[in-house]
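Colleague: let me see the structure of the following:
(one chain, ligands or ions: 1)
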Amino acid sequence: VPELPEVETVRRGIERGVLGRTVRSIAVTGARTVRRQGADELRARLTDRRFESAVRRGKYLALGLDDGSALVVHLRMSGQLLHVTDAGQAMAPHTHVVVRLDDGSELRFVDPRTFGEMYVSDEVGEDGLPVELARLGVDPIVDGLTGAQLARILAGRRSPLKVALTDQRLIAGIGNIYADEICFRARVRPDRRSATIERPEATRIAKATLKILSDAIEARGSSLRDARYRDVSGDLGNYQDRHAVYGRAGLACRRCGNPIVGVRISGRSSCYCGHCQR
Ligand SMILES: [Zn+2]
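Modeller: Numbers count the residues shown, from 1 in each chain. So this is what the prediction gives:
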């Protein structure tokens, strides 16, 4: 499932290859991907528009258009946004939307599980973000995240730390993988009740959040064996090789050698080291 580093990697690819390009035509073959507006409306709003900016908040992308609107892309479970420079390249299975650009290249939205979506939003703020994305919480990379901020977010919360870290209304962009990695780096168990996190721990968690997410962006995200994340060029990420705990239940902790524990926290599989994390 794409999280902040994967979506940021896609954003950077779009910024490099798509800004300044104008939409010539749109082909929609997957109705679910455009469920919010329908194919006709998406076509009407996008055709002849030029892409001018690419911003991200949490796991959402907003591609600014020259009439002040923005194409919002949410990859959700299995969506991929590919920029294909050779339009003759075969369509991947589950390609639902093809946006043809004036240089002959194509933006292709591929999504086997069809939870992802695309729509054009008219109400865009000065920061380039559609107003409906204002409900999202702090984005650790765009906004920064301090210990004081995180301490305020966690204060009085009964939910486990991991649930708070992955609640998009509180902090936008963290999912199952990076929450486990952040907790390991901060030496805090993900099943701790949020309200019990002390101030020095909140500072460690905030710092770990910035470090883990930045490193993962630099490695161009994580591509798991069963998942489908690819960047806009179709290449896999590299950060999966550096996971310390995620997906490593039963294996030796890279720091202390004790076995990594696998548990479920609010229904989601989670991994931590019982020796390194308190
Ligand atoms: Zn350990």
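
Colleague: count the residues that sit near A155.
Modeller: 11 (other Cβ atoms under 10 Å). Bear in mind the C-beta positions are built from the backbone N, C-alpha and C, glycine included.

Colleague: can you tell me how far it is from S194?
Modeller: According to Cβ to Cβ, to the nearest Å, A155 stands 8 Å off from S194.

Colleague: kindly report the same for F109.
Modeller: The value you get for F109 to S194, if Cβ to Cβ is used, is 36 Å.

Colleague: ok but R43 is inside a strand, no?
Modeller: No. Looking at R43 with DSSP: H, G, I helix; E, B strand; the rest coil, it is helix, so not inside a strand.

Colleague: quick one: residues contacting the spatially closest residue to it that is not a sequence neighbour.
Modeller: Closest residue to R43 apart from its sequence neighbours, by Cβ to Cβ, 6 or more residues apart in numbering: I26 at 4.8 Å. For I26, the contacting residues are 39, 42-43, 46-47, 97-100, by Cβ atoms under 8 Å, 6 or more residues apart in numbering.

Colleague: rerun at 6 Å
Modeller: Neighbour list for I26: 43, 46, 99 [criterion: Cβ atoms under 6 Å, 6 or more residues apart in numbering].

Colleague: can you give me phi and psi for it?
Modeller: Main-chain dihedrals, I26, degrees, to the nearest 10: phi -130, psi 130.

Colleague: secondary structure class for the closest residue in space to R199 that isn't next to it in sequence?
Modeller: Of all residues not flanking R199 in the chain, A151 sits nearest, at 5.5 Å (Cβ to Cβ, 6+ apart). Three-state call for A151 (three-state DSSP): helix.

Colleague: could you report the pLDDT at A151?
Modeller: With respect to pLDDT, A151 has a value of 98.

Colleague: the ion versus that one, what's the distance?
Modeller: 25 Å (Cβ to the ion, to the nearest Å).

Colleague: I figured that residue hits E201, correct?
Modeller: No. If you go by Cβ atoms under 6 Å, A151 and E201 don't touch, sitting 8.9 Å apart.

Colleague: now do stretch 148-162: distance to the chain's middle.
Modeller: From the chain centre to the centre of stretch 148-162 is a distance of 21 Å (Cα atoms, centre = their mean, to the nearest Å).

Colleague: next one: stretch 171-182
Modeller: Put simply, stretch 171-182 sits 10 Å off its chain's centre (Cα atoms, centre = their mean).
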